[in-house]
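> Let me see the structure of the following:
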Amino acid sequence: MLNFSLTPDQLDLQQKARTFAQHEVLPVAWYYDEKDELPMQVLRKAFDAGMIGSDIPKEFGGQGLTLVDSALITEEIAAACPGLATSIFDSSLGMEPILLSSNTGAKNKYLPAIAKEFKLAAFATSEPTMGSDVAGIRCTAKADGEDYILNGTKYWITNGGVADYLSVFATIDAKSRHKGICAFLVETTWPGVTIGRAIPKMGQRCSNTVGINFKDVRVPRANVLAPPGEGFVLAMKTFARTRPIIGSFGVGAARAALEYALDYAKKRRAFGMELGAFQAIQFKLAEMYQKVETSRLLTWKAAWDSDQQKDGRVSASISKLYATETALEVVNEALQIFGGYGYTKMFPIEKILRDVRLLRIYEGTSEIQRIILADYLFKEYQPSLPALEDLPLHRRHDPSGNTTPADENVWRCRICGHVHYGDTAPAECPFCFFPQSAFKKIQ
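The predicted structure is shown next:
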């Protein structure tokens, strides 16, 4: 049986995250957005409150929270500030390749540090000349004995300027595309690692984003997370685990915009009545609400799939695509309800709009999600209904009424769909004029 109820522990966790978001994140969000700066003290408080690295298994010193639990936390923090939610969640993204790898030594060394010592991890695939095309990585890894030497630049790295560890994806041969990709755990204090200046952004200005350069960085064999040829698969497995949480960013931000717009519509007066009394505004709010609710259900479903060890690749793409696309729509409609005030910095909507615009880009653009879903439909999806050429679309006889003679054959034209009754198919279809070979016997 389906059950959409949260457990008592999850309700407590949700309330804890909501309280943290409203007391620690919301009051400082606009100040640090204006400064274009990540407030590290908020990340420290989030860590102390158990909201960073909470999904690390208990065997490595973590709380062992599920991905659904992480979705609950993320939605609440994103409702207060999507940018800070990104930086708080990003350590989970950075450590996920360690957790998914078969490198037991790296797990035992780094996961307890992330769980217990406020050590932050960042995820590094993108580069100045490549983003969605993960197979197009140009950062090189050259074997040197049992070690590897890294050279190249990673870009758009969230928390890269404050992280202790980096999950870095590189290639032994750029021409071999995905077959040459490998992955490593790199410590940011190693010789040859250079952190770039914070990249100025339109939104999500409360999160840190930088480029990172590697010049002859030696990575010991013990820090190889995926050997050449296995890195691409590891990156895709990571995204399948983390994309539902990007959906949660969208749910939280959209919910905040909806709540602000609802409050405004109840209090603003126009033409002698409350703004919310106009059906045009009511319809907007109703549409916004259903999109928030739908996005949350899709996000929870994708997170649940992953928690159940199912192949969450498809549900992750669906939730990421729908929740981030509709977040932009909901926030944009909220600004419309606010009118001119929504366009000013005196109200919260313009910041939320700037923040959510990024959600359709990072961790796989909306276009990439559509490619993934289309590929699944054409290659793996198993239809429940018969193929068109097998459809028993009876026109002359009612099969349930036993009016079709038992010995009469039924033929269907595979081109135009015409159904013919008789011992043999006609020599030529009377509708599309294709020859007898176009007919298939369906009864």
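> Give me the below-cutoff pLDDT ranges for this structure.
For the chain, the stretches with pLDDT under 70 are 1, 395, 397, 399-407.
> Pick out the residue nearest the middle of it.
Nearest to the mean C-alpha position of the chain, by C-alpha atoms, centre = their mean, lies residue 243 at 2.4 Å.
> Let me know the secondary structure of the residue nearest to residue 69 when sequence neighbours are not counted.
Counting by C-beta to C-beta, 6 or more residues apart in numbering, residue 13 is the residue found nearest to residue 69 once chain neighbours are left out, at 5.9 Å. Placement of C-beta: from N, CA and C, glycine included. State at residue 13, reduced to three classes by DSSP: H, G, I helix; E, B strand; the rest coil: helix.
> how near is residue 13 to residue 96?
Going from residue 13 to residue 96 by C-beta to C-beta, to the nearest Å gives 20 Å.
> Over to residue 286?
For residue 286, the distance to residue 96 - C-beta to C-beta - is 37 Å.
> Comparing the two, which residue is more hemmed in?
residue 96 (22 against 11; other C-beta atoms under 10 Å).
> C-alpha coordinates for the helix or strand hosting that one, PDB please?
For residue 96, the host element (DSSP states H and E) is helix 82-100. Extracted in PDB, the C-alpha atoms of helix 82-100 (Å, rounded to 0.1, in the frame of the first residue of the first chain):
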ATOM      1  CA  PRO A  82      18.300  28.700  -2.200                       C
ATOM      2  CA  GLY A  83      21.900  29.900  -2.300                       C
ATOM      3  CA  LEU A  84      22.700  28.900   1.300                       C
ATOM      4  CA  ALA A  85      20.800  25.600   0.700                       C
ATOM      5  CA  THR A  86      23.100  24.900  -2.200                       C
ATOM      6  CA  SER A  87      26.300  25.400   0.000                       C
ATOM      7  CA  ILE A  88      24.800  23.400   2.900                       C
ATOM      8  CA  PHE A  89      23.900  20.500   0.600                       C
ATOM      9  CA  ASP A  90      27.000  20.600  -1.500                       C
ATOM     10  CA  SER A  91      29.200  18.700   0.900                       C
ATOM     11  CA  SER A  92      26.900  15.700   0.400                       C
ATOM     12  CA  LEU A  93      27.400  16.100  -3.400                       C
ATOM     13  CA  GLY A  94      31.100  16.200  -2.900                       C
ATOM     14  CA  MET A  95      31.300  13.100  -0.700                       C
ATOM     15  CA  GLU A  96      28.800  11.000  -2.700                       C
ATOM     16  CA  PRO A  97      31.500   9.700  -5.100                       C
ATOM     17  CA  ILE A  98      33.500   8.500  -2.100                       C
ATOM     18  CA  LEU A  99      30.500   6.800  -0.700                       C
ATOM     19  CA  LEU A 100      29.600   5.200  -4.100                       C
END
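> Pretty sure residue 151 sits in a strand.
Yes: counting by three-state DSSP, residue 151 is located in a strand.
> now it: how far from residue 144?
12 Å.
> coming back round to it: burial check on the residue nearest to residue 69, number of neighbours?
23.
> Contact partners for it?
Residues counted as contacts of residue 13 (C-beta atoms under 8 Å, 6 or more residues apart in numbering) are 65, 69, 72, 73.
> three-state assignment of the first one?
So that's residue 65. What three-state DSSP gives for residue 65 is coil.
> what about it, neighbour count?
Residue 65: 23 neighbours (other C-beta under 10 Å).
> Spit out the contact partners of it.
By C-beta under 8 Å, 6+ apart, the contact set of residue 65 is 13, 54, 55.
> now those residues as a markdown table including distance to residue 413?
Shown next, in a markdown table, are the contacts of residue 65 (distance: C-beta to C-beta, whole Å):
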| residue | distance to residue 413 |
| --- | --- |
| 13 | 59 |
| 54 | 60 |
| 55 | 56 |
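> Show me which parts of the lengthiest helix in the chain are buried, residue by residue.
Longest helix in the chain, counting residues (DSSP state H): helix 231-267. Neighbour-count burial for helix 231-267, counted by 16 or more other C-beta atoms under 10 Å, picks out 231-232, 234-235, 237-258, 260-262, 264-265.
> now the angle from it to helix 82-100?
Between helix 231-267 and helix 82-100, the angle comes out at 150 degrees (axes from the mean of the first three to the mean of the last three C-alpha atoms, to 10 degrees).
> and helix 231-267, how far from the chain's centre?
8 Å (C-alpha atoms, centre = their mean, to the nearest Å).
> Also stretch 9-27?
That offset, for stretch 9-27, works out to 22 Å (C-alpha atoms, centre = their mean).
> in it, what's buried?
Here stretch 9-27 shows 13, 14, 16, 17, 18, 20, 21, 24, 25, 26 as buried, counting by 16+ other C-beta under 10 Å.
> Secondary structure and distance to residue 198 added to those, as a markdown table?
Output for those, formatted as a markdown table (DSSP: H, G, I helix; E, B strand; the rest coil; distance: C-beta to C-beta, whole Å):
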| residue | secondary structure | distance to residue 198 |
| --- | --- | --- |
| 13 | helix | 32 |
| 14 | helix | 32 |
| 16 | helix | 30 |
| 17 | helix | 27 |
| 18 | helix | 29 |
| 20 | helix | 25 |
| 21 | helix | 24 |
| 24 | helix | 22 |
| 25 | helix | 20 |
| 26 | helix | 23 |
